[in-house]
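# Pasted the sequence and its predicted model underneath.
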Amino acid sequence: MRLAIEFGGTNFKMGLVEENGNILKQKNIPLRDLLGGGNILDSILNIIEKFIESKDIKCGGISSKGLVDHENGVVLDDVGEGKLIKNIPLGKILSKKYAVPFVMDNDARCYAWGEWRFLQEKDINNLTVVTFGTGIGCASVFGGKMLYGTDHLSGIMGGHISICKNGPKCYCGNYGCFEQYCSKNGLMRILSSKDLYLGDVDPIKLFFQRVREKNNGLENSIFEDFLKNLSIGLTNIIHAYGPDLIILGGGIMRSADLIINKITKTVDKMAFTVPKGRVKIIQSSLGDKAPLLGAAFHPKLEKINGYTI
């Protein structure tokens, strides 16, 4: 049995994963519930202990948003509630506690590895995953190997490709980032600027519901701009990475039926590939399970456990 842990934008998730990838047991806890006082690390360890019960764990993987030092298993920096495990070497702590190997990596990389590891199309060796949640995550698997680079941000900054030089300033310091237009936060910024759904509990969900009705002029205009920006961003990612397959995930892709067919046609025209339209764009088949599975079967764990990757 493998233990998978995920620190996402809003939730702390755990899963007990069998060798065939079946998640036997899963638990989701809002991150804010961990902020109720006391020692954060002790709270996390106690929750994990209760979740595991008496089951034998052979290894574990941790997926976290933010800037992750995958070599030392620690979150170096993050924004918002993710800061609760900043600079805590959780991987090493859990490895010592349970006397089994644990690894930690960025959530986008875990998402990409989970998708590649359990991909039905076994002839695909080069893929890029782009996730549209609170922000935009991006990571790639090339030649059956996780794509890393010189620093801990290398290969995961697709959300910070600029798609409009005169766009709003991003927290990264750049202007007009992909994330400023096509993430949940980016789309909420645009909706708020039009005085739409102010104070609504789930403005993104309501926005896509109105788009489905097809007779809301302002929403439809915003949606068309969203599709154009999404197509530009994905075209830039294709030019930068050159994958065979792009997999789209995250909360916004719950409306993938409205999105993927339209952007595929546009991207096929815009992207300079040989042959034209070579890159396939699909919705994630694993959804929210992908980061957990990618963490549980992280390539470092595969090597430790003697599997052929």
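Now that the structure is in, tell me what you want to look at.

# going forward, measure contacts and count neighbours with C-alpha atoms only.
OK.

# neighbours around Asp257, how many?
Applying other CA atoms under 10 Å, we find 10 residues neighbouring Asp257.

# Show me the shaky parts of the stretch 201-309 of the chain.
The model of the stretch 201-309 of the chain has pLDDT under 70 over residues 304-309.

# quick one, strands of it?
Counting by DSSP state E, counting those that start in this stretch, the stretch 201-309 of the chain has strands at residues 245-249, 280-283.

# Which one, of those, ends up nearest to Glu6?
Of all the strands of the stretch 201-309 of the chain, strand 245-249 sits nearest to Glu6, with 15.8 Å by CA to CA.

# Pairing partners for the closest one, with directions?
Its sheet considered, strand 245-249 pairs with strand 127-132 (parallel), strand 280-283 (parallel) by DSSP bridges.

# can I get those strands in CSV with mean neighbour count and distance to Cys172?
Below are the strands paired with strand 245-249 laid out as CSV (neighbours: other CA atoms under 10 Å; distance: least, CA to CA, whole Å):
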stretch, mean neighbour count, distance to Cys172
strand 127-132, 27, 17
strand 280-283, 18, 27
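
# Okay, now the unreliable bits of the stretch 51-200 of the chain?
By pLDDT under 70, the low-scoring segments of the stretch 51-200 of the chain are 79-82.

# buried ones in the top helix by length along the chain?
Scanning the chain for the helix with the most residues, using DSSP state H, yields helix 217-241. With burial defined by 16 or more other CA atoms under 10 Å, the residues of helix 217-241 counted as buried are 219-220, 222-223, 226-238, 241.

# that older thread, CSV for the strands of the stretch 201-309 of the chain, including distance to Ala4?
Converted to CSV, these look like this (distance: least, CA to CA, whole Å):
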stretch, distance to Ala4
strand 245-249, 19
strand 280-283, 23
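
# Which of these sits closest to Ile85?
strand 245-249 (24.6 Å).

# From the chain's centroid, how far away is that closest one?
Distance, stretch centre to chain centre, for strand 245-249: 11 Å (CA atoms, centre = their mean, to the nearest Å).

# what's the angle from it to helix 217-241?
140 degrees (axes from the mean of the first three to the mean of the last three CA atoms, to 10 degrees).

# who's in contact with strand 245-249?
Under the criterion CA atoms under 8 Å, 6 or more residues apart in numbering, residues 124, 126-132, 279-284, 287 lie in contact with strand 245-249.

# mind giving me the domain ranges of this structure?
In terms of domains, the chain is parsed into 2-105, 119-283 (source: automatic domain parsing).

# possible to save those domains as a markdown table with distance to Phe297?
Below are these laid out as a markdown table (distance: least, CA to CA, whole Å):
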| stretch | distance to Phe297 |
| --- | --- |
| domain 2-105 | 7 |
| domain 119-283 | 12 |
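
# Among the ones you listed, which comes closest to Lys300?
Shortest distance between Lys300 and these, using CA to CA, is found for domain 2-105: 7.3 Å.

# so how far does the closest one reach from one end to the other?
Domain 2-105 has its terminal residues 16 Å apart, counting by CA to CA, to the nearest Å.

# Could you tell me how far that domain lies from the centre of the chain?
How far domain 2-105 lies from its chain's middle: 16 Å, per CA atoms, centre = their mean.

# coming back round to it: save the strands paired with strand 245-249 as CSV, and put in distance to Ile62 too.
Formatted as CSV, the strands paired with strand 245-249 follow (distance: least, CA to CA, whole Å):
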stretch, distance to Ile62
strand 127-132, 18
strand 280-283, 24
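
# quick one on the thing from earlier: Ser154: which of the strands of the stretch 201-309 of the chain is closest?
Among those, the nearest to Ser154 by CA to CA is strand 245-249 (18.1 Å).

# Verify the stated contact: Gly186 with Cys177.
No. Counting by CA atoms under 8 Å, Gly186 stays clear of Cys177, with 9.5 Å between them.

# And the two? Which one has more around it.
Set Gly186 next to Cys177 and count neighbours by other CA under 10 Å: Cys177 wins out with 26 against 22.

# in the sheet, who's paired with that one?
Bridge pairing for Cys177 - DSSP bridges - gives Ser162.

# so who does it touch?
159-164, 167-170.

# Closest one of those to Leu293?
Nearest to Leu293 out of the contacts of Cys177 is Gly159 (CA to CA; 22.6 Å).

# For burial, what's the neighbour tally of the closest one?
24.
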